[in-house]
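>>> please work out how this folds:
(chains A and B)
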Amino acid sequence: MITFVSALVVTSAFMLLVDRHEARIRQLGSWLGPVFLLAGASTGLFLAPPERHMGEVQRIMYVHVPAAKIAMLFYLLAFVLAITSLWTSKPRWDDRMVAAIEVGVVLNALLLVQGSIWGRATWGVWWDWDVRLTTSLVMFLLFVGVLALRRMASSEDRRAQWGAVATIVAFIDVPLVYFCVRWWRSLHQVQSSPETVDPMMVLPLRLSLAGFLLLGMAGLLWRARIERARRSSDETPLPEKALMEETANA
Amino acid sequence: MRVVWAILSKDLLLEWRERARTLSVILFAAVTLLLFSFALGPDVEALRAGSPGFLTLALLLSSTLALNESFRLEREDRALEGLVMRPVGATGLFYAKALANAILLALLGPLVVALAVVLYSLEVGPGQTVGLIGCWMLGAAGLAAPGTLYAAMTSRLKTQDVALPILLFPLVIPVLLGSVKAMDLVLFGDAMGQLPSWISLLVAFDVVYWTVCGVLFRFAVEEGE
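Model prediction:
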């Protein structure tokens, strides 16, 4: 519940602040993100105690759990951006939506790889048809499908509209997939809470979470900027583009 | 409502007159069932145990064939744009098209279930047959709504045949799981009383997607401003 409320707060803050403070958020994320990630990794590797049953392999959680939470956050952000893009028909929301999906997909891929490594060490198998693993894989495929659809669309308008429609449909599907797989079978342990673990385990988790969030936001805004540049380059008529290139070369 | 009915009856009439799509979908589903038995070998017990999955996969695979074709006529001479501009609007068009697809897929049910009974040596009573067909119909409805939405988009792509399964298959995993489990419980008994949960999941999926896709359809067929 707290995670969901935090995700809503971050999403609302992003939507309210992004237009006015885009450059500032991008810079902040680019500089502070790696610092927090490094701090999280160092404390997770050297300060946090090993887990009683799993031992050293548990340390992967300091990157695995933040990757999972921040990937979900970026999918939620993409969903809100998709609705905004359809509502306003403004290209900048579409640029941000595709950037949010791409960041989410990268984190989701990271999550699957980390989960697989952890599963091999703990369960003895690279993959198990557990609810969270299966839901994460389906989520990954759903949003990769959205990116593929955007690539296939021929015009900017179609790309924006179809991308937004597919994002909304994909996001709504996630809870249904989660529940049906949970009823199907489950092996993954339930989440721990900060009250039940050593404080030195909570610290690296929170530092990594902040690192992933800041770096993800920076990635989103850099990618949106590239998308904006591509769009304006595509929209510039060819003679003008040639003239601009000539001027730049001179 | 009258216009929805007009488009629906137009689609069904065309289907009846042409019959090519219906026949090819039936044949495709039959071939799929046959191929599963070759893939698994002549082990009757294994075939029987896997039959709920095979039936659902036959529905899923043949649905892409039916859905890919559902906008073929509207693609010619840009008829889709004309339909969207009619007073019925995009939402009415969606419900007419999705209903036509759902009916076509649902009609497959009795035929494919009968074929599965023969091929996989299923021992089913009248109640189980009705149950199996009911599960098939709920699955068909769950595939028809998102399938129609995506088919409307992908029908305007050169890569239509590839794009539709890529988008649709991960999305309909709840339908796939719900149908397989429900059919399994119908066929082999439901000692723990789980059937209502799986039927609820299928119904929930159907309700959510028939609503959401109906709302979003206009963005899939109308050009941006």
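
>>> okay, which residue is most central for the chain?
As the question left the chain open, I've gone with chain A. Among the residues of chain A, the one closest to the centroid is A:G104, at 2.6 Å (C-alpha atoms, centre = their mean).

>>> other chain: chain B
Residue closest to the mean C-alpha point of chain B, counted by C-alpha atoms, centre = their mean, is B:A140 at 3.6 Å.

>>> now it: closest residue in space, sequence neighbours ignored.
Residue nearest to B:A140 in three dimensions, not counting chain neighbours: B:L105, with 3.7 Å by C-beta to C-beta, 6 or more residues apart in numbering or on different chains. The way it works is simple: take the backbone N, C-alpha and C, and place the C-beta from them, glycine included.

>>> OK, contacts around the one you found?
B:25, B:59, B:62-63, B:66, B:140, B:143-144 (C-beta atoms under 8 Å, 6 or more residues apart in numbering or on different chains).

>>> which stretches of the chain have low pLDDT?
I'll assume chain A. Counting by pLDDT under 70, the low-confidence segments of chain A come to A:1-2, A:180-182, A:184-196, A:236-241, A:245, A:248-250.

>>> sorry, should have said chain B
In chain B, residues with pLDDT under 70: B:77, B:86-88, B:223-225.

>>> can you list the residues of it near chain A?
Taking C-beta under 8 Å from any C-beta of the partner chain, the part of chain B that reaches chain A is made up of B:146, B:149-150, B:153-154, B:156-159, B:163, B:166-167, B:169-171, B:173-174, B:177-178, B:181, B:197-198, B:201, B:204-205, B:208-209, B:212-213, B:216, B:219-220, B:222-225.

>>> only alpha carbons, please: show stretch A:112-130 as CSV.
Taking Å, rounded to 0.1, in the frame of the first residue of the first chain, the C-alpha atoms of stretch A:112-130 are listed here in CSV:
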residue,chain,number,x,y,z
LEU,A,112,14.4,-10.7,-15.1
VAL,A,113,18.1,-11.4,-15.4
GLN,A,114,18.8,-10.7,-11.7
GLY,A,115,15.8,-12.8,-10.7
SER,A,116,17.0,-15.6,-12.8
ILE,A,117,20.5,-15.5,-11.3
TRP,A,118,19.0,-15.4,-7.8
GLY,A,119,16.6,-18.2,-8.6
ARG,A,120,19.5,-20.4,-9.8
ALA,A,121,21.4,-19.9,-6.6
THR,A,122,18.4,-20.2,-4.3
TRP,A,123,15.9,-22.5,-6.0
GLY,A,124,18.4,-24.4,-8.2
VAL,A,125,16.6,-23.4,-11.4
TRP,A,126,17.1,-20.4,-13.8
TRP,A,127,13.3,-20.1,-14.2
ASP,A,128,10.2,-21.0,-12.4
TRP,A,129,6.6,-20.4,-13.4
ASP,A,130,6.0,-18.4,-10.2
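
>>> that stretch: which residues count as buried?
Residues of stretch A:112-130 classed as buried: A:112, A:114-115, A:118-119, A:128, A:130 (neighbour count, 16 or more other C-beta atoms under 10 Å in any protein chain shown).

>>> again with stretch B:197-210
B:197-199, B:201-202, B:204-206, B:208-210.

>>> tell me which of these fall in strands.
Taking DSSP state E, every one of the buried residues of stretch B:197-210 sits outside strands.

>>> before we move on, the earlier item: quick one: list the elements packing against whichever strand or helix holds the residue nearest to the centre of chain A.
Assigned by DSSP states H and E, A:G104 belongs to helix A:91-122. When contacts are defined as 3 or more C-beta pairs under 8 Å, 6 or more residues apart in numbering or on different chains; DSSP states H and E, helix A:91-122 packs onto helix A:61-88, helix A:131-152, helix A:156-184, helix A:199-235.
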